[in-house]
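Trainee: Below is the sequence, then the predicted model.
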Amino acid sequence: MAFQLSPGVKVNEVDLTNIIPAVSTSGGAFVGQFQWGPVKDYTIVENRNRLEALFGKPNDVNYVDWFSAQNFLAYSTNLNIIRVVDEATALNASADGLGVLIKNEEHYTVVQPTAGSAVIAAKYPGAIGNSLEVHMADSMTFTDWEYASQFDGKPGTSEYAESLGVTGANDEMHIVVVDAGGQFTGVPGAILEKFAYVSKASNAKTLDGEPSFYGSILNTKSEYVWWLGNPTTGLVADGAITAITPVGDGEYAEGDVPAVTITGDGAGASATAVMAVINGAVAQVDILDGGTAYNPGDSLTFANGIEAIVDAEVGGTITALIVNYPAQSVNLTADETVGHVNSVGGNDAVFKMRILYEVASITVDDGGSNYTTATVSVAAPTESINGVGPESDAAATLTADVDSWNIPLASGVVYGSIMWNTAPTGAGAQDGVALPLELAGGADGSAADDQDLIAGWNLFENAEVVDVSILFTGDAGGSANSQAVIQHVIDNVAERRKDVMVCFSPDLADVQNVTPEAAAENCVDFRETKINRSSSYAVMDSGWKYQYDLYNDKYRWVPLNADIAGTMANTDDVADPWYSPAGFTRGRIKNVIQLAFNPSKTQRDILYKTGINPVVSFVGEGVLLYGDRTQQTKSSAFSKINIRRLFIVLEKAIATAAKYQLFEFNDEFTRSQFRNMVEPFLREVKGRRGIYDFQVVCDDTNNTPEIIDRSEFVADIYIKPAYSINFITLNFVAVRTGVEFEEIIGLQK
C-alpha cells in the first residue's frame, strides 16, 4: 500500500476468500442443417418447442440433424446449435422475389445489403421464407385494412412528429407479419407478429428515447424479417434533387407545368420540373334529379361510356351511385350534365359530374447539386387544359429533404421529408409500395458438404469464446462427409480445447440390413480404418435407432450419439460428471422403437475391446448404453468416460481459479493461498465419491529459484480417481454341512 504522509487512519480490505468456481459440464453443442434459423451463429435452445420455433420443423432433407438435436434435448435443457447451409445456393426470400443471402445479425451489419426494390427480406435463408407476407397500413389506409381489428386504434401522428411541428405529420403505421403459406404454423394466413404505431421517420424516437422507426423495430424485434432500406431507384445522388412528391392531392391536368421555386443551402443551382399525373378519375357525382322507380342494383349507362350501379334509393329516387370510370380517357368538361336511360323503364335522372385529377409525382429534370433541405412551391395553373380546369386556384406546397429518404418507395417515386404526410399513390398501394409485400426467391440451397460442416464446427474451437462440454456429430453430413467431419471435430475441437467430449456413431449402412456379425465388423472397421483416432476426448457408440416423426407421421432412422451425449448431460443433473453415464441407472436411451444393431454378448466383446460402446435392448429392461469407454487405445485411467470427465471438471475449475495468481509474487504466501483454495475443493469432490484421495504440492520443492526467476508458478496435483465397475464376478460356493465358513473363506480358487 502507499505510505501515508501525515497522521491518519486508512482502512483497507484484503480479500483472501478465493474459492474454486463452479464450471459448466453439461452444455451440448451441435452443427447441422435446418430449414430456418441463423446461419453460423451461436443459438442456445432449451427444449423441443424452442427448437421448432428457432429452426423450423424436420423434413425429408434435414430430419437426421433435427431429431439429433431433439434427442439431446430429451435429456438436457442446454444445447448450443450452429446452423450451416451451402452459402453459394441458399437465399433469404425477399420482396422483389430475387432473394438475398443474409446469414445472421452480424452478417447483416457487415454486408449492409442494399434494398434495390426488395425493401423487406426474410430473417434467415430457406424456402420456408417464401411463406411470409408483410402488411402495412397508415392513417390513409387503416379504415379498410383487413387487419384493422388487430389494433386498438388508428395510426396517426407520433408525439415525436408533433414535437417537430409542421415538418411532420401522419408518420405512424401498423405492421403485420403473416404466415401466408402456413409453413411456419400450419395455418395459412396466421399472424406471426404485430408492430403498432411505428414511425416512417428514420430519426423518430419514443418518449423513452428508444428508436421507433419501423425499420429499426423490424430489425431488432422481428423474428421473421429484415428491413433492407429504401429502393435505390430514384434516390438522391451527390446531393442533387431527383424527385419530389406532393403532400396532398393537386387538382391538375396531365402536362401542366407548375412554377417551381427551390430554396436551400445549395450553390444556387436551379431545378426545372415537369408534373406527371395519373389518369382522370371520377371524384364526385352530384345528383340533381334522382328520377323515380329505381331499385338498388339497377345498371345505368351514361353518355361517353360511363357506367354506374344504383347503390341506394329512397321511394324509387336515386340517392347514391357506384360509378365505374372507363380506363380510357373521356373528354368531358367539368360540370357537364349527362342524362341516362333507366334499365327498368323508370323516369330519367340527371347528374352533374365533376372530373378531378390527382398528382402522382413531380419528376425533376435538372436537380442541381449540393442541396440538403429544399422547399418547393408549386403554383396552380391559371388556364384550363383540354377544357378541364383546377377546382380552385390554391397552390400546393411540397417539401423535400434530399439527404433523408426514409420511406419504402415505388420505382421512380421518392418521399423526401424526414417526416412525410403521405397518401396512397393508387389502389392497394402504401407509400408507393404495393401491399402486401409478398416474399419470394428464398431457397434452401444444395446440401451442406463436409467443408460447410467443418466451418461450423470451427466456431466451437476456442474455449475462451464459447463454453460447451459435450459435442455430438449426428450423421456428420452423411456417409460422404462423416469421416472428414468426425476426424476434424476430434483433432481440431476436442483435442485442442481439452475440456469437451465428442460423441459419434458409425454410418447407417454399417449397421442397417446386415447380419449382427457383419454390423460388429463394420463398426470396428469404421472406428479403426475410417476414423482411426486415439483420443480420450472421443466416444463412439454402436449404431442407430428407429423413432417416430410426429411432424411428418413416419418413422426415421437417427444415430445414437445425441442420446449418448444426453446421458452424460443427464448424469450431471442426477449425480456428478465423474459418475459413469452407462448402465441401468443412468444409461437408459429414450424414444426408441428398435435398434438397427442390437449386439449380443459375443458382439459386445468385439466392440468393447476396440473402444466402441454397445447400445443394447434388453427384454423387459429397455434400451441401455452398455459401456463407458473412450477412444483412447492405450490402456489407462483415461480410457473411461467418467475419469476423463472427472479430470475435465478438475482441470477446468482449478485452471479458472488459478488465473487470479497471475502477476502475483511467487512466494510462500501465494503458494499457501493456492493450496488453501484447491484442497477444500478436492475434499468436496472426494466426499462426493469422485476421487479416492489427492495431494497438492505447491512449495519450494517444485517452485525452485530457477522456476521463480523464469516468472513461473508450479503446482502438482495428485489424484486417485474413482473407477466405475465394468465387470462383476459372482462366486457361488457349495459347502458341506459340517464345515465352518471361516475354514474355507478365501481358500477357493
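Mentor: Looks like it arrived, so ask away. Residues are numbered from 1 along each chain as shown.
Trainee: residue ranges with poor pLDDT in the stretch 501-650 of the chain?
Mentor: Judged by pLDDT under 70, the stretch 501-650 of the chain has no weakly predicted residues.
Trainee: how about the helices of it, start to end?
Mentor: Ranges of helices within the stretch 501-650 of the chain are 508-511, 516-525, 561-574, 583-586, 601-608, 641-658, based on DSSP state H, counting those that start in this stretch.
Trainee: Tell me which of these sits nearest to Glu461.
Mentor: For the helices of the stretch 501-650 of the chain, the distance to Glu461 is smallest for helix 641-658, at 16.3 Å, taking CB to CB. Using the backbone N, CA and C atoms, a C-beta is placed for each residue, glycine as well.
Trainee: name the helices or strands packed onto the closest one?
Mentor: Counting contacts by 3 or more CB pairs under 8 Å, 6 or more residues apart in numbering; DSSP states H and E, helix 641-658 is packed against strand 501-504, helix 668-687, strand 716-721.
Trainee: The ones you listed: which one's closest to Gly32?
Mentor: Closest to Gly32 of the helices and strands packed on helix 641-658, according to CB to CB: strand 501-504, at 13.5 Å.
Trainee: hmm, who's touching the closest one?
Mentor: With contact meaning CB atoms under 8 Å, 6 or more residues apart in numbering, strand 501-504 is reached by 469-473, 476, 482, 486, 489-490, 493-494, 531, 537-541, 561-562, 564-565, 568, 630, 641, 644-645, 648.
Trainee: Where does the prediction get shaky in the protein?
Mentor: 1-4, 16, 112-118, 164-169, 230-286, 301-306, 313-315, 323-348, 351-435, 746-749.
Trainee: do you know how far Ile641 is from Ser216?
Mentor: Distance of Ile641 to Ser216, computed by CB to CB, to the nearest Å: 49 Å.
Trainee: Of the two, which one has the most company?
Mentor: Each of Ile641 and Ser216 has its neighbours counted (other CB atoms under 10 Å); Ile641 has more, 29 against 16.
Trainee: The more buried one against Gln631, yeah?
Mentor: No. At 10.3 Å, Ile641 does not count as touching Gln631 under the criterion of CB atoms under 8 Å.
Trainee: Between those two, which contacts overlap?
Mentor: The overlap between the contact sets of Ile641 and Gln631 (CB under 8 Å, 6+ apart) consists of Val539.
Trainee: Leaving out chain neighbours, which residue sits closest to Leu132?
Mentor: Counting by CB to CB, 6 or more residues apart in numbering, Leu439 is the residue found nearest to Leu132 once chain neighbours are left out, at 4.5 Å.
Trainee: could you pull out the helices for the stretch 151-300 of the chain?
Mentor: So, for the stretch 151-300 of the chain - with DSSP H, counting those that start in this stretch - the helices run 159-163, 214-221.
Trainee: Which stretches in the stretch 451-600 of the chain count as strands?
Mentor: Assigned by DSSP state E, counting those that start in this stretch, the strands in the stretch 451-600 of the chain fall at 470-472, 501-504, 538-541, 544-549, 554-559, 594-595.
Trainee: swap in the stretch 51-200 of the chain?
Mentor: Here the stretch 51-200 of the chain has its strands, by DSSP E, counting those that start in this stretch, at 79-83, 120-122, 132-138, 172-179, 190-199.
Trainee: Look up how far Phe460 lies from Asp499.
Mentor: Relative to Phe460, and taking CB to CB, Asp499 is found at 11 Å.
Trainee: now Lys545
Mentor: Counting by CB to CB, the gap from Lys545 to Phe460 is 25 Å.
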